[in-house]
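Q: Next comes the sequence, and after it the predicted model I'd like to discuss.
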Amino acid sequence: MTAAPLPSQTTPWNPRSAIWIGLLCAVAAAMLTAVVFFATGLAGREDSLRNRPHVVQAVRDLSRLEGASMHLERVIDLTDRQSRFFGLVQTEDAILLVAAVDVTAGVDLGKLKAEDVTADWETRSVRIVLPRPEVFSERLDSKRTYVHARTTGLLAKRDESLEGRARQEAERQAAQAAIDAGLLDRAGANASRAVEALARSLGYEKVEVSTAKP
């Protein structure tokens, strides 16, 4: 006697199962898209961060780049006028100083900011805006600076700080005279050429270097 075949069993279709499967597929697709987008964006960001700070740090390493210097001479006539006997008698303590001053100017590259550099490694181009040139120092040349004359009136009190004040005034006047003669412009131009050469040594071909406006 042959056994009768068992009836086939089928799983009834559940609409809720279809919804869950659809949701899982959507979530998986969204996660995959996010991963691809994040990876692409991160790669681009790393490329950008790898290039721009590389230039910034290389330029900063030049530190205070002395671009130009100037030697000037100044004659300072400084007088300390004094009164005696309730203003009835006028007297003075005076000095005539011949000063030689060396004025140095340049660009402090330590002030360079990341936003001052725009670099594109793919096109080998970079644009750099340097800080404004400034006077770094004004130094008296002690071998060429001397007191030409010093006169103190009979009733005047000798002011021991008068020579020091005359030296300071000589430095101030020399620095201003150097600026008026274009020392800062020369310093900025020389610094720009030095930084351009540095950028080209890093592999950049299109290099634009300028200095910040006052």
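A: Arrived safely, thanks for sending. Residues are numbered from 1 along each chain as shown.

Q: Next secondary structure after the helix or strand of the chain with the lowest mean pLDDT?
A: The helix or strand of the chain with the poorest confidence is helix 15-60; it has a mean of 49 (mean pLDDT, DSSP states H and E). Moving toward the C-terminus from helix 15-60, the next helix or strand (DSSP states H and E) is strand 64-84.

Q: who does that next one touch, helix- and strand-wise?
A: With contacts defined as 3 or more Cβ pairs under 8 Å, 6 or more residues apart in numbering; DSSP states H and E, the packing partners of strand 64-84 are strand 89-108, helix 162-180, helix 183-201. Every residue, glycine included, has its C-beta placed from N, CA and C.

Q: Check which residues of the longest one are buried.
A: Within strand 89-108, the residues that qualify as buried by neighbour count (16 or more other Cβ atoms under 10 Å) are 93-97, 99-108.

Q: Show me which of the residues you listed is closest to R150.
A: Among the buried residues of strand 89-108, I95 lies closest to R150 (Cβ to Cβ), at 5.1 Å.

Q: check contacts around the closest one.
A: 76-79, 147, 149-150, 162-163, 166 (Cβ atoms under 8 Å, 6 or more residues apart in numbering).

Q: farthest pair in these?
A: T79 and V147 (13.8 Å).

Q: just to revisit the earlier point, closest one of the buried residues of strand 89-108 to L183?
A: Among those, A105 lies closest to L183 (Cβ to Cβ), at 4.9 Å.

Q: just checking, the closest one touches A68?
A: Yes: contact criterion Cβ atoms under 8 Å: A105 and A68 qualify, at 5.5 Å.

Q: how far out from the middle of the chain is stretch 59-71?
A: 12 Å (Cα atoms, centre = their mean, to the nearest Å).

Q: List the contacts of A58.
A: 198, 202.
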